[in-house]
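[1] Got a predicted structure here, sequence first:
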Amino acid sequence: MTTITIKETYGIKSLNREYTVDLDRQFGGYEKGDLICSIAPFHDVPLTLEIAIRIDGSIIFRSWKFNAGGNRYLHTNEEAGQFGIPTLRPTEAQIDTVNGLFSGRIKWEGLRLTPGKSLQDLCPINLEREEQLTGKKIYLA
């Protein structure tokens, strides 16, 4: 098994968070309706995570890839079809998962995967509901 352990630090302050990346991890498979997304979850580490949000809202692992220039926000390559209508229509469970990732209510294996614009366009964020579910005010930058 090939692994890399990443310890998150910012400046001189350690956040005391570690994540072990298993580069030999098995692909979780594909199911019809999977919403495939990718993110570079670690600051200054050229490593991209690809996941899928299943129609039931669960999140499965797809791959780790080394590449420079990965995006720190979770995006999807789901493209708009004819007349700007997405070819994939997300389920309520998928939308709920994206909302939970946005608010931090849902994490994947302890990692915060914040949805970017492409994912938010497909799965609109219900900020009021997330504030109620988390019990916290969510501030937008």
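    Yes, it's here. Numbers count the residues shown, from 1 in each chain.
[2] just checking, next helix/strand downstream of the lowest-mean-pLDDT helix or strand in the chain?
    When each helix and strand of the chain is scored by mean pLDDT, DSSP states H and E, strand 13-22 comes last, with a mean of 76. Downstream of strand 13-22, the next assigned helix or strand under DSSP states H and E is strand 35-39.
[3] Check which helices and strands that following strand is in contact with.
    The contact analysis (3 or more C-beta pairs under 8 Å, 6 or more residues apart in numbering; DSSP states H and E) places strand 35-39 against strand 47-53, strand 75-76. No exception for glycine: its C-beta is placed from N, CA and C like everyone else's.
[4] following the longest one, which helix or strand shows up next?
    In this case it means strand 47-53. Counting by DSSP H and E, what follows strand 47-53 is strand 59-66.
[5] can you tell me which residues contact Leu113?
    37, 39, 41, 49, 51, 74, 101, 107 (C-beta atoms under 8 Å, 6 or more residues apart in numbering).
[6] can you do 6 Å?
    Applying C-beta atoms under 6 Å, 6 or more residues apart in numbering, we find Leu113 in contact with 39, 74, 101.
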